[in-house]
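**Student:** Kindly return the folded structure for what I paste below:
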Amino acid sequence: MSERHPHSGGCHCGAVRFEADLPDGFEVEDCNCSICAKNGNIHVIVPGVHFRLLKGADAMTEYTFNTGAAKHLFCKTCGVKSFYIPRSNPDGLAVTWRCLDDWDKLNVTVNRFDGQNWEQNAGTLAHKSKA
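**Tutor:** The predicted model follows:
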């Protein structure tokens, strides 16, 4: 496994700040499920042990739908979803790629993920939250 380095990020207003340890090059998921498509979310799945919430636990609100397994977390002030707990990887977090402070300088491969057919495709993501 490649070495990981800390990358900071957060919401638009700064009320929520986090740090995620990421390898030099990584994949991000461009999902077409109902919620990702509507908010344009492209995310990287990070093992829980490689994520730290630095501030803002009390600044977030949670939204769930369908099975309720995914926990979509939004800043109460600016409405940005910097990260969430994905249904496919409940032991990890899906960090919104463009919420990383240095997102435009990172070496990423954008993968299209067919979240509209989640049940048939979710298994392809299961390994991404393993440390």
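**Student:** Against residue 77, how distant is residue 128?
**Tutor:** 30 Å (Cβ to Cβ, to the nearest Å). In this view, the C-beta of every residue, glycine as well, is placed from N, C-alpha and C.
**Student:** Would you mind listing the buried residues in the helix ranked longest in the chain?
**Tutor:** Longest helix of the chain, by residue count under DSSP state H: helix 34-39. The neighbour-count check on helix 34-39 (16 or more other Cβ atoms under 10 Å) flags 35, 36 as buried.
**Student:** just stretch 23-34 next, same as before
**Tutor:** Under 16+ other Cβ under 10 Å, the buried positions of stretch 23-34 are 26, 28, 29, 30, 31, 33.
**Student:** Which of those fall within strands?
**Tutor:** Counting by DSSP state E, the part of the buried residues of stretch 23-34 found in strands is 26, 28, 29, 30, 31.
**Student:** Model confidence for residue 1, exactly?
**Tutor:** Looking at residue 1, its pLDDT is 53.
**Student:** same check, this time on residue 44
**Tutor:** Residue 44 is given a pLDDT of 97.
**Student:** Dump the helix or strand of the chain with the lowest mean pLDDT to PDB, keeping only the CA atoms.
**Tutor:** Every helix and strand in the chain was compared by mean pLDDT, DSSP states H and E; the lowest is helix 118-121, with a mean of 83. Output in PDB follows, covering the C-alpha atoms of helix 118-121 (Å, rounded to 0.1, in the frame of the first residue of the first chain):
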ATOM      1  CA  TRP A 118     -26.500   0.500  -6.600                       C
ATOM      2  CA  GLU A 119     -27.300  -3.100  -5.600                       C
ATOM      3  CA  GLN A 120     -25.500  -4.500  -8.600                       C
ATOM      4  CA  ASN A 121     -22.400  -2.200  -8.300                       C
END
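**Student:** In that helix, which residues are buried?
**Tutor:** residue 118.
**Student:** So what touches that helix?
**Tutor:** Here helix 118-121 makes contact (Cβ atoms under 8 Å, 6 or more residues apart in numbering) with 33, 87, 88, 113, 114, 115.
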